[in-house]
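**Q** this is a predicted model, with the sequence first.
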Amino acid sequence: MRDVKTSIEGWGSGLLGVVIFSGSLPATRVAVAGFPPLFLTSARALIAALLGAAMLLLLKQARPGRGDLFSLGIVALGVVLGFPLLTALALQSITSAHSLVFIGLLPLATALFGVLRGGERPRPLFWLFSCLGSAAVVVFALSAGESGSLAGDALMVAAIVVCGLGYAEGAALSRRLGGWQVISWALVLAAAPMLLLTVATFPSTLTGIDLPAWLGLAYISVFSMLVGFIFWYRGLAVGGIASVGQLQLLQPFFGLALAGLLLGEPVAWTMIVATALIVVCVAFARRHA
């Protein structure tokens with residue numbers, strides 16, 4: 001009975017994290033219309049770092065050991081700097097609906113880095129479905145028409161790679177430090193360079209930046225950068241990395257719905273088909289990992 005309750009708690013927490021993350025790209029798409037990508041990346045990380053530091057101080061958390069600093073650095077480079085910056089740059093030339101198709105590869109990227117970190121030996125079928133999923137992304141990107149660009153697609157692929165690395169490293173580290181502590185310490189570790197970058201890229205004037213851009217910045221700073229990770233890493237720690245990680249497969253569908261409903265972006269049937277095919281391939285790949 002306890003195992004069932006723990007499993008439900010882990011999946012519920014993980015699902016909340018996925019739902020929160022699903023709004024990240026649409027919110028970034030709105031925010032990047034008013035703020036430069038570099039400033040947006042550093043500002044969101046700095047705001048979240050201040051909140052994370054306050055939580056660590058109020059709850060009197062012990063400092064991580066020296067051996068954890070390297071892993072925290074990888075998490076910071078992957079999910080604090082790399083993914084936010086690369087997606088912000090990509091969303092200057094592609095729609096959030098288009099970008100969400102690439103999110104279908106995130107579970108696979110996480111699994112691949114889990115293999116590299118854990119020294120596992122996947123079955124041949126794992127590589128088959130991995131290649132099929134990657135091929136679906138390439139075909140979709142090349143046939144996307146005006147809604148996509150080669151530069152934007154390349155940036156999204158790079159974003160998925162660094163995010164997968166940050167997820168895998170953070171999931172392993174959360175077993176020792178705890179879920180919300182990992183993202184909080186990673187944010188604190190990145191706070192100093194993010195502060196310098198914020199000052200260096202601060203817009204010459206804030207006049208003319210509309211309310212949706214401010215709301216987008218607020219969402220990705222508080223929810224995408226901190227709150228979502230609290231639920232996500234807790235779900236991984238409580239319910240199991242492999243099982244709860246499957247919930248990432250739902251993120252493209254949630255994101256496409258938000259992009260269509262909130263931003264009014266066109267969601268072509270090819271996007272839905274490509275996303276569905278990627279989800280199927282990733283699901284089978286993870287099954288045979």
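**A** Arrived safely, thanks for sending. Numbering: from 1, shown residues only.
**Q** residue 210: neighbour count?
**A** By other CB atoms under 10 Å, 11 other residues sit near residue 210. In this view, the C-beta of every residue, glycine as well, is placed from N, C-alpha and C.
**Q** make sure it is actually in contact with residue 31.
**A** No: Residue 210 lies out of contact with residue 31 (CB atoms under 8 Å); the separation is 10.6 Å.
**Q** can you give me the helices for the stretch 151-289 of the chain?
**A** Listed in chain order, the helices of the stretch 151-289 of the chain (DSSP state H, counting those that start in this stretch) span 179-200, 211-219, 228-239, 241-245, 251-262, 269-287.
**Q** dump those helices into CSV; add mean pLDDT, distance to residue 61 and mean neighbour count as well.
**A** What follows is the helices of the stretch 151-289 of the chain, written out as CSV (pLDDT from 0 to 100; distance: least, CB to CB, whole Å; neighbours: other CB atoms under 10 Å):
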stretch, mean pLDDT, distance to residue 61, mean neighbour count
helix 179-200, 94, 6, 21
helix 211-219, 95, 25, 17
helix 228-239, 83, 13, 24
helix 241-245, 67, 22, 20
helix 251-262, 76, 29, 20
helix 269-287, 76, 32, 19
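**Q** save those as TSV, and put in distance to residue 102 too.
**A** Output for those, formatted as TSV (distance: least, CB to CB, whole Å):
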stretch	distance to residue 102
helix 179-200	22
helix 211-219	20
helix 228-239	18
helix 241-245	17
helix 251-262	8
helix 269-287	9
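**Q** minimum distance to residue 78: which of those helices has it?
**A** Residue 78 lies closest to helix 179-200 among these, at 8.8 Å (CB to CB).
**Q** what residue ranges in the protein score low on pLDDT?
**A** The chain contains residues with pLDDT under 70 at 1-7, 117-120, 138, 141-148, 241-243, 246, 286-289.
**Q** quick one: which of the helices of the stretch 151-289 of the chain is nearest residue 41?
**A** Among those, helix 179-200 comes nearest to residue 41, with 7.5 Å by CB to CB.
**Q** please state the offset of stretch 29-44 from the chain centre?
**A** Distance of stretch 29-44 from its chain centroid, counting by CA atoms, centre = their mean, to the nearest Å, is 16 Å.
**Q** over to stretch 210-230?
**A** On the basis of CA atoms, centre = their mean, stretch 210-230 sits 13 Å off its chain's mean C-alpha point.
**Q** before we move on, what about stretch 267-283?
**A** Offset of stretch 267-283 from its chain centre (CA atoms, centre = their mean): 18 Å.
**Q** out of the helices of the stretch 151-289 of the chain, nearest to residue 166?
**A** Checking the helices of the stretch 151-289 of the chain against residue 166 by CB to CB gives helix 179-200 as the closest, at 8.3 Å.
**Q** name the residues that touch the closest one?
**A** 38-39, 41-43, 45-46, 48-50, 52-53, 55-56, 61, 64, 68-69, 72-73, 75-76, 79-81, 170, 173-174, 177, 225-226, 229-230, 232-237 (CB atoms under 8 Å, 6 or more residues apart in numbering).
**Q** just the buried residues from these, in ChimeraX please.
**A** This is how ChimeraX selects the buried members of the contacts of helix 179-200, with burial counted by 16 or more other CB atoms under 10 Å:
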select :39,41,42,43,45,46,48,49,50,52,56,64,68,72,75,76,79,80,81,170,173,174,177,225,226,229,230,232,233,234,235,236,237
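**Q** what residue is smack in the middle of the protein?
**A** The centre of the chain sits closest to residue 163, judged by CA atoms, centre = their mean, with a distance of 5.9 Å.
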